[in-house]
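In: below is the structure, and that's it, no one-letter string:
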């Protein structure tokens with residue numbers, strides 16, 4: 001089930017830089033399955049060995065008894081015809097013995113197959129144990145002017161099928177001056193977000209984020225339908241890290257944020273999650289929430305990590321107007337520069353810069 005969730009939510013996980021988080025979780029599940037499979041295989045092997053032994057023990061024992069009796073001069077008094085009859089009878093038992101030994105050999109063959117499977121699983125386990133180096137999403141960063149947090153220069157974005165969506169886009173975003181990006185359907189809004197997060201490479205041009213302006217995380221992305229991984233509400237706040245893996249100060253900050261946020265944004269429908277923030281939930285349980293509730297919970301990540309830039313791709317599209325405005329106000333208050341991809345007019349007052357991607361469509 002977890003594997004299917006990762007497959008179905010790969011892009012959302014990538015937007016949240018959750019590759020390592022999901023890798024660790026799937027590795028843990030795989031290791032648990034591997035342990036269970038090992039126990040099952042050993043027990044099954046013992047069972048088959050015992051079954052094979054007792055199945056064939058009777059025939060082997062009978063042959064031994066008869067052979068000892070025949071060669072111990074017990075039948076010397078019998079006539080040739082009688083001895084022939086006994087030999088024929090013994091032949092039957094010999095054939096039965098051969099059949100029994102064949103079964104034992106077949107079992108040995110099955111055990112060899114088991115060892116082969118074990119070796120392959122061990123190789124797979126060793127491969128998964130290797131730490132996968134996740135590419136730095138900001139590998140294209142360059143040193144910029146101190147107040148410029150994002151610089152886009154002559155950017156052209158194409159689909160994997162080489163269809164140009166955006167052509168020759170250039171703009172700067174300065175710290176605290178939020179940017180509002182809009183455009184018609186198919187104009188490349190989400191494609192721009194993918195390129196900004198390095199999920200796609202630009203056909204030409206560059207995107208540069210100023211990493212020298214702040215020690216905080218450089219950028220975070222919230223798609224329209226975020227992925228909520230299995231875990232507690234605290235794990236959602238600290239994603240893509242487990243809450244328990246953080247230092248004491250960070251863990252306390254997560255609690256403080258939850259107490260702060262619930263007094264400023266309407267989380268009434270999610271009250272049970274806030275009342276017991278350590279309670280564990282599966283991804284399937286989180287998926288039963290409404291999209292608006294999922295979007296609200298995902299905003300907690302932005303407010304906890306306080307990145308330099310937050311790219312919000314229709315991240316409040318299913319929320320009520322009041323919650324969307326309150327969350328945007330908090331992001332602004334936390335001094336996070338927003339790049340909003342949206343059609344919601346209520347959010348425009350938060351922004352100082354506006355870009356219509358229709359103006360950069362392929363001519």
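Out: Alright, I've got the coordinates. Quick caveat: nothing in here was measured; it's all calculated off a predicted structure.
In: in stretch 211-230, what's buried?
Out: Neighbour-count burial for stretch 211-230 flags 211, 213-214, 217-230 (criterion: 16 or more other C-beta atoms under 10 Å). Placement of C-beta: from N, CA and C, glycine included.
In: scratch that, stretch 348-363
Out: The neighbour-count criterion (16+ other C-beta under 10 Å) identifies 351, 355, 357, 360-361 as the buried residues of stretch 348-363.
In: next one: stretch 150-163
Out: 150-153, 155-158.
In: what about that stretch, average pLDDT?
Out: Average pLDDT, stretch 150-163: 91.
In: same check, this time on stretch 297-316
Out: pLDDT averaged over stretch 297-316 gives 92.
In: swap in stretch 257-267?
Out: The pLDDT scores in stretch 257-267 average 91.
In: ok, stretch 228-246 next?
Out: 89.
In: distance between the ends of it?
Out: 19 Å (C-alpha to C-alpha, to the nearest Å).
In: re earlier: and the buried residues of stretch 150-163, which is closest to residue 271?
Out: Nearest to residue 271, judged by C-beta to C-beta, of the buried residues of stretch 150-163 is residue 150 at 37.2 Å.
In: ok, the closest one to residue 35 distance?
Out: Per C-beta to C-beta, to the nearest Å, residue 150 is found 47 Å from residue 35.
In: thinking again about what came up before, just the buried residues of stretch 348-363: which are in strands?
Out: residue 355 (DSSP state E).
In: and the furthest pair within the buried residues of stretch 348-363?
Out: Using C-beta to C-beta, the buried residues of stretch 348-363 reach their maximum pairwise distance at 351 and 361, which is 21.5 Å.
In: returning to what we had before: can you add secondary structure and give the buried residues of stretch 150-163 back as JSON lines?
Out: Shown next, in JSON lines, are the buried residues of stretch 150-163 (DSSP: H, G, I helix; E, B strand; the rest coil):
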{"residue": "150", "secondary structure": "strand"}
{"residue": "151", "secondary structure": "strand"}
{"residue": "152", "secondary structure": "strand"}
{"residue": "153", "secondary structure": "strand"}
{"residue": "155", "secondary structure": "strand"}
{"residue": "156", "secondary structure": "strand"}
{"residue": "157", "secondary structure": "strand"}
{"residue": "158", "secondary structure": "strand"}
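In: what's the closest of these to residue 119?
Out: Nearest to residue 119 among those: residue 158, at 44.9 Å, using C-beta to C-beta.
In: skip the chain neighbours and tell me the closest residue to the closest one.
Out: Take residue 158 and drop its neighbours on the chain: the residue closest to it by C-beta to C-beta, 6 or more residues apart in numbering is residue 203, 4.5 Å away.
In: the one you found and residue 163 touch, don't they?
Out: No. Residue 203 is beyond contact range of residue 163, at 10.4 Å (criterion: C-beta atoms under 8 Å).
In: flag the shaky bits of the stretch 101-250 of the chain, pLDDT-wise.
Out: 101-102, 105, 109, 124-146, 213-217 (pLDDT under 70).
In: at 90 instead, please
Out: Counting by pLDDT under 90, the stretch 101-250 of the chain has low-confidence residues at 101-149, 159-163, 184-188, 190-191, 193-201, 208-221, 223-231, 239-247.
In: partners of the helix or strand harbouring residue 220 in the sheet?
Out: Using DSSP states H and E, residue 220 sits in strand 219-222. Paired with strand 219-222 in the same sheet, following DSSP bridges, are strand 309-313 (parallel).
In: for the stretch 251-363 of the chain, which segments count as helices?
Out: Under the criterion DSSP state H, counting those that start in this stretch, helices of the stretch 251-363 of the chain are mapped to 271-275, 283-286, 291-305, 321-333.
In: and those, which one's lowest on average pLDDT?
Out: When I compare the helices of the stretch 251-363 of the chain, helix 283-286 is least confident, with a mean of 84.
In: so who does residue 347 touch?
Out: By C-beta atoms under 8 Å, 6 or more residues apart in numbering, the contact list for residue 347 reads 180, 316, 324-325, 328, 340.
In: list the contacts for residue 309?
Out: By C-beta under 8 Å, 6+ apart, the residues touching residue 309 are 149-150, 173, 209, 218-220, 336-339.
In: who's it bridged to?
Out: If you apply DSSP bridges, the partners that residue 309 bridges to are residue 219, residue 337.
In: which of the helices of the stretch 251-363 of the chain sits most buried?
Out: Of all those, helix 291-305 carries the top mean neighbour count, a mean of 21, counting by mean count of other C-beta atoms under 10 Å.
In: for that one, packing partners?
Out: strand 219-222, helix 233-238, helix 248-261, helix 321-333 (3 or more C-beta pairs under 8 Å, 6 or more residues apart in numbering; DSSP states H and E).
In: what sits up against it?
Out: Contacts to helix 291-305, defined as C-beta under 8 Å, 6+ apart, come from residues 16, 216-217, 220, 222, 224-226, 228, 233, 236-239, 253-254, 257-258, 261, 265, 267, 269-270, 273, 286, 289, 310, 315-320, 323, 327, 330-331, 334, 336.
In: tell me what angle that helix forms with helix 321-333.
Out: Compare the direction of helix 291-305 with that of helix 321-333 by axes from the mean of the first three to the mean of the last three C-alpha atoms, to 10 degrees and you get 10 degrees.
In: distance from the chain centre to helix 291-305, please.
Out: Centroid separation for helix 291-305 versus its chain: 19 Å, with C-alpha atoms, centre = their mean, to the nearest Å.
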